[in-house]
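> Show me the folded form of this:
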Amino acid sequence: MKTQALKGMRDLLPAEQTLRDYIQGKILETYRASGFERISTPMLEDMENLDKSDGGDNLNLIFKVLKRGDKLTAALNTGDPKQLSDMGLRYDLTLPLSRYYAANKDKLPSPFKVIQTDRVFRAERPQKGRLREFVQCDIDILGDSSPNAEVELIDVTTRALLNIGFTGFTVNINDRRILRGMLESMGFSADTLDSVCITFDKMDKIGADGVKAELTEKQLPENAINALADFIAAGEVTLDAVAARCADPAIADDLKYVLATANAMAAGRYQVAYCPSLVRGQGYYTGMVFEITCPQFSGAVAGGGRYDNMVGKFLGTQVPAVGFSIGFERVCGILLEQGYQIPGAKQKIALLYAKDVDFPAVLAKAASLRDSYNVTVLPQGKKLGKQLGQLEAAGFAGAAFMDKDEVKIF
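Prediction:
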């Protein structure tokens, strides 16, 4: 049998898992201290729900689960591949949360401030920074249409990153409504705007020429494509200049408020910037979107936005919603590369005991040492020097012995 984990998935050694537990604990501590409550949802969702979730390119990355038994046989007989699957693994936590809220709204406060830290799955092409199974740390506010919800999510998320030692990052903010208004003024029709936005969002990966080529491939109007290309070529563009191209320039007022308020909250600890090209890949975003970037990593370490229409797909009535997700895997990867040490962590030592010693006495001594150390009890090997070397290589700081009072630090 194969010993390697599947491509795009990983086994975690104890040292990395310890770091991950600490980082997730600090993030949760910040979230909970801010009044958010944690929930859990199943990893599997109904395939019809996933297909209708407006997840952008992620809809092509769903791990689908085949029907079982007679239902699978009947589906195979239809010859239609779409009939083969009735459920799939969640690709993010937003659709499950929307379904959860729709099912439980009568038992939940309004607005509902919620935490989700859980695994999600995407059938990615495995590469550095892209896994098929990974953890997201989300906070969302459902039932609040005010831009204060965006401000609060930015405040809580940035405090979480600061609390785990991140510095020098930038919160980039845009509003899809403003971008859509500008694109319409350039000549793109309303029914193509979602497709244009998804392509525009790839600019940091495929560049301006790639955006132009992809829009041309989609057979969109040449004059509109050229207008967008000129906009990109102009470089830095102000919010007022973009808003002026919209039918209603006042649509930018909420974004101006969030930018100003977030800048005041930052107090120089991080940067806040208007980013006119920021779209986010998911199609379900309806208003403001945001990403956090930092110089230590080429991509975003957190992202989110407003998705006011998602819960309505289940209820038939609109529920305002906005969320912010920390890219847990990327954050952990950056901290590991930096040699991050858990602040105030107790040193790990081994208490070694002889074969014939009274084991309850061993456990009692270990308990007394745990005031100062994290203690593992181990039988003493025949070759003590070799055993101590193995312990040091495994990350132990030292060893104690049943017949001695002192602790030997490596």
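
> three-state assignment of the closest residue to Asp11 other than its chain neighbours?
Nearest residue to Asp11 in three dimensions, chain neighbours excluded: Ala5, at 5.1 Å (Cβ to Cβ, 6 or more residues apart in numbering). Quick note: C-beta positions are derived from backbone N, CA and C, even for glycine. For Ala5, the secondary-structure state derived from DSSP: H, G, I helix; E, B strand; the rest coil is coil.

> What is the burial count for Ala5?
Neighbourhood size, Ala5 [other Cβ atoms under 10 Å]: 11.

> Arg132 versus that one, what's the distance?
10 Å (Cβ to Cβ, to the nearest Å).

> who's in contact with stretch 256-270?
Contacts to stretch 256-270, defined as Cβ atoms under 8 Å, 6 or more residues apart in numbering, come from residues 147, 150-151, 154-155, 158, 162, 167-171, 173, 239, 272, 274, 288.

> rerun that using 10 Å as the cut-off
Stretch 256-270 has contacts (Cβ atoms under 10 Å, 6 or more residues apart in numbering) with 146-155, 158-159, 161-162, 166-171, 173, 175, 239-240, 243, 252, 271-274, 288, 290, 292, 294.

> Show me how far it is from its chain's centre.
22 Å (Cα atoms, centre = their mean, to the nearest Å).

> hey, what's the residue nearest in space to the middle of the chain bridged with?
Among the residues of the chain, Gly327 comes closest to the average C-alpha position under Cα atoms, centre = their mean, at 3.2 Å. Beta-bridge partners for Gly327, by DSSP bridges, are Gln136.

> in the helix or strand containing Gln17, what's buried?
Assigned by DSSP states H and E, Gln17 falls within helix 14-33. Across helix 14-33, burial judged by 16 or more other Cβ atoms under 10 Å covers 18-20, 22-24, 26-28, 30-31.

> swap in stretch 313-323?
By neighbour count on 16+ other Cβ under 10 Å, the buried set for stretch 313-323 is 313-314, 319-323.

> Now for the residues you listed: which two are most distant?
Within those, Phe314 and Val322 form the most distant pair, 17.3 Å apart (Cβ to Cβ).

> picking that back up, give me the packing partners of the helix holding Gln17, helices and strands only.
strand 37-38, strand 112-121, strand 133-142, helix 148-163, strand 321-327, helix 328-337, strand 347-353 (3 or more Cβ pairs under 10 Å, 6 or more residues apart in numbering; DSSP states H and E).

> Now with 6 Å, please.
helix 148-163 (3 or more Cβ pairs under 6 Å, 6 or more residues apart in numbering; DSSP states H and E).

> Which residue, neighbours along the chain excluded, lies closest to Asn174?
Leu278 (4.0 Å).

> Below-threshold pLDDT in the stretch 251-400 of the chain: ranges please.
Applying pLDDT under 70 to the stretch 251-400 of the chain flags the ranges 296.

> pLDDT at the residue lying closest to Pro221 once chain neighbours are set aside, what is it?
Leaving aside its chain neighbours, Pro221 sits nearest to Gly187 (5.3 Å; criterion: Cβ to Cβ, 6+ apart). pLDDT, Gly187: 91.

> who touches Gly187 in this structure?
For Gly187, the contacting residues are 221, 223-224, by Cβ atoms under 6 Å, 6 or more residues apart in numbering.

> quick one, strands of the stretch 301-410 of the chain?
Ranges of strands within the stretch 301-410 of the chain are 321-327, 347-353, 373-379, 398-401, 407-409, based on DSSP state E, counting those that start in this stretch.

> now, of the ones you listed, which is deepest in the fold?
Of the strands of the stretch 301-410 of the chain, the one with the most neighbours on average (mean count of other Cβ atoms under 10 Å) is strand 321-327, at a mean of 26.

> how far off helix 148-163 does it point, in degrees?
In terms of direction (axes from the mean of the first three to the mean of the last three Cα atoms, to 10 degrees), strand 321-327 departs from helix 148-163 by 20 degrees.

> I am finished for the moment; much appreciated.
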